[in-house]
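**Student:** sharing a model prediction with you, sequence too.
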Amino acid sequence: MPSGPQVQYVTKLQAARRQLVTAIRLFFDDREPVSVHTLAHASWEILSCLCRADGIHPFAEKTSIILEQDARQIRRMASRYKNFFKHADRDPGEALDDFGDLENDWVLFAAASDLKSLCDDKVPIEVMVFFIWYLNINFPKELRNAELPNQAMQYWLYLGAKYLGDSRQQSRAELKRRGRDMLGAWLQMPEVINLPHTDRTQIQFWSD
C-alpha cells in the first residue's frame, strides 16, 4: 500500500478515481462489503456530479430513461444503504437485515460507467476489469458489445472472455476469483498497460 508524499494535490476527479480503484480491489479480494459500498458510493456521487457539470448524462439519468423512472427516485433508492452507513443522527438504534455483497455490484458498475463517460473511456485497469466482469455476468453478448462500441474497448472484452469463461456455470466465489486473477494478470501485461484507453495513473500510484 503506497503512503505517497505527506501533502498531495488531489482534484475531485482524482479522489473519485482513487476511491473507485480501491473499492474494486477490495471487492475482488472479497474484503469487507460495507467498506466497499461506502467507498464505491462516495466515488459515484462525485462522478455523477462531474458528469452533470460537463453536460454528460450520468448513469442514473441513463437508467431512468431505460426504466422510465424519475432519476431522482433512482438516486434516492440507490442511496439507502449509503445513507445508513454514513449517518446516525436520526436513527442511531436502527439496523439492516437485507444488505449483502451483491449490493456492491451495481454501485461499482454505476461509478465505473460514469468514469468512462467522463474520461472518454480512458480508465484505470481496475475499472475496466470490473466493467467487463459485470458485463460478462449480467449482459448477453450482443449488449456487451453495445456497451463497448469502439475497437480498443472490444479488445478489452476479447481478453476478458478468456479469463472469465461462462458465468452461468460458476459460483459467486469463483466469479470473484476469476476477476481477481484477471486483474492481477492485466496489471502486469504490457499489451494491456500500453493500450490507448488505459489510464496509467493508478499503476504509477500503487507502484511508487
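**Tutor:** Noted; the coordinates are in hand. Numbers count the residues shown, from 1 in each chain.
**Student:** SS state for Gln188?
**Tutor:** What DSSP: H, G, I helix; E, B strand; the rest coil gives for Gln188 is coil.
**Student:** list the contacts for it?
**Tutor:** For Gln188, no residue meets the contact criterion (CB atoms under 8 Å, 6 or more residues apart in numbering). From N, CA and C alone the C-beta is placed, and that goes for glycine too.
**Student:** residue ranges of the helices in this protein, please?
**Tutor:** Secondary structure of the chain (DSSP state H): helices at 12-28, 33-53, 59-67, 71-78, 80-86, 103-118, 125-138, 141-147, 151-164, 172-186, 190-193, 201-207.
**Student:** can you list those helices in JSON lines and add distance to Asp97?
**Tutor:** Shown next, in JSON lines, are those (distance: least, CB to CB, whole Å):
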{"stretch": "helix 12-28", "distance to Asp97": "22"}
{"stretch": "helix 33-53", "distance to Asp97": "14"}
{"stretch": "helix 59-67", "distance to Asp97": "26"}
{"stretch": "helix 71-78", "distance to Asp97": "18"}
{"stretch": "helix 80-86", "distance to Asp97": "11"}
{"stretch": "helix 103-118", "distance to Asp97": "13"}
{"stretch": "helix 125-138", "distance to Asp97": "25"}
{"stretch": "helix 141-147", "distance to Asp97": "33"}
{"stretch": "helix 151-164", "distance to Asp97": "32"}
{"stretch": "helix 172-186", "distance to Asp97": "20"}
{"stretch": "helix 190-193", "distance to Asp97": "41"}
{"stretch": "helix 201-207", "distance to Asp97": "36"}
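**Student:** so which of those comes closest to Leu96?
**Tutor:** helix 80-86 (6.0 Å; CB to CB).
**Student:** helices or strands up against that closest one?
**Tutor:** helix 33-53 (3 or more CB pairs under 8 Å, 6 or more residues apart in numbering; DSSP states H and E).
**Student:** quick one: buried residues of the helix it packs on?
**Tutor:** 33, 36-48, 50-51 (16 or more other CB atoms under 10 Å).
**Student:** ditto for stretch 83-102
**Tutor:** Of the residues in stretch 83-102, 84, 99, 101 count as buried by neighbour count, 16+ other CB under 10 Å.
**Student:** then stretch 14-33?
**Tutor:** 16-28, 33.
**Student:** give me the contact list for that stretch.
**Tutor:** With CB under 8 Å, 6+ apart, stretch 14-33 has contacts from 10, 35-36, 39-40, 42-44, 46-47, 50, 99-101, 103-104, 108, 111-112, 115, 124, 126-127, 129-130, 173, 176, 179-180, 183, 199, 201-202, 205.
**Student:** what's the average pLDDT for it?
**Tutor:** What stretch 14-33 shows for mean pLDDT is 96.
**Student:** how far does that stretch sit from the chain's center?
**Tutor:** 8 Å (CA atoms, centre = their mean, to the nearest Å).
**Student:** no more questions from me, cheers.
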